[in-house]
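Participant: Show me the folded form of this:
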Amino acid sequence: MKIHGSISIGNKSYSSGDTIAWHQVYPFFLIHMLMFGGSGFLMAYVANGPPASFLFLHGGFAIAIYTVFYIAIFGRDEVKWMFINAILGLVGMWSQIDWMLARFGKHMGDYPPYRHIVPFLYYVLYTFLLRNAVLDITNCREDDKRKRVVDNAYIIVSVAAYAASLILRKPHAWL
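Facilitator: All right, here's what the predicted structure looks like:
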């Protein structure tokens, strides 16, 4: 994968345009983001959770750092599209987060809207990372034909997951 900014991994520095193997990036970020995103999710939705100010401080700091890394690794244009797609995928995120909350007997309507900001942003960052991991692991980022196939498959799987989570919800949770 091609780096779009300067970054250091271990004792080695990379500059914009350098190429690194996907396994130097994705395992760390997928696990790290899952832990931070999971903690942000729990803090936002746990009974008697921390005050919203702590949630925003903790989550906001981590989200800002991840975004800086994403710009260095994937480039400003990819990150711009990440946020554009997040806005377009709001219903998808809503269905997925509400589905996850339902596993704990809760729903998004049980919380004030501001409690969802940090989990939504983590969701955006994590799904962006997953899509880019698929592109790089399948080695099709630079092959437009193969990239189109992976992008289409990613959209189909995402829409199917969103639809399944909406269908599997309890009837009273539709509003």
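Participant: make it CA atoms for all contacts and neighbour counts henceforth
Facilitator: Fine.
Participant: where's the residue nearest the centre of the chain relative to Arg146, distance?
Facilitator: For the chain, the residue nearest the mean C-alpha position is Tyr126 (2.1 Å; C-alpha atoms, centre = their mean). Separation of Tyr126 from Arg146 (C-alpha to C-alpha, to the nearest Å) stands at 22 Å.
Participant: repeat for Ile9
Facilitator: To Arg146, Ile9 is 29 Å away according to C-alpha to C-alpha.
Participant: Give me the number of neighbouring residues for Ile155.
Facilitator: Neighbours of Ile155 under the rule other C-alpha atoms under 10 Å: 13.
Participant: Only the buried residues of the helix or strand encompassing it, if you could.
Facilitator: Assessed by DSSP states H and E, Ile155 sits inside helix 144-167. Buried positions in helix 144-167, judged by neighbour count with 16 or more other C-alpha atoms under 10 Å: Lys147, Val150, Asp151, Tyr154, Tyr162, Ser165, Leu166.
Participant: does the residue nearest to the centre of the chain really touch His32, like I thought?
Facilitator: No: applying C-alpha atoms under 8 Å, one finds Tyr126 not in contact with His32, separated by 10.2 Å.
Participant: Find out how far stretch 111-126 is from the centre of the chain, if you would.
Facilitator: In terms of C-alpha atoms, centre = their mean, to the nearest Å, the centre of stretch 111-126 is found 10 Å from the chain centre.
Participant: what do you get for stretch 58-78?
Facilitator: Distance of stretch 58-78 from its chain centroid, counting by C-alpha atoms, centre = their mean, is 11 Å.
Participant: Give me the residue ranges of the protein where confidence is low.
Facilitator: Low-confidence segments of the chain, defined by pLDDT under 70: 88, 169-175.
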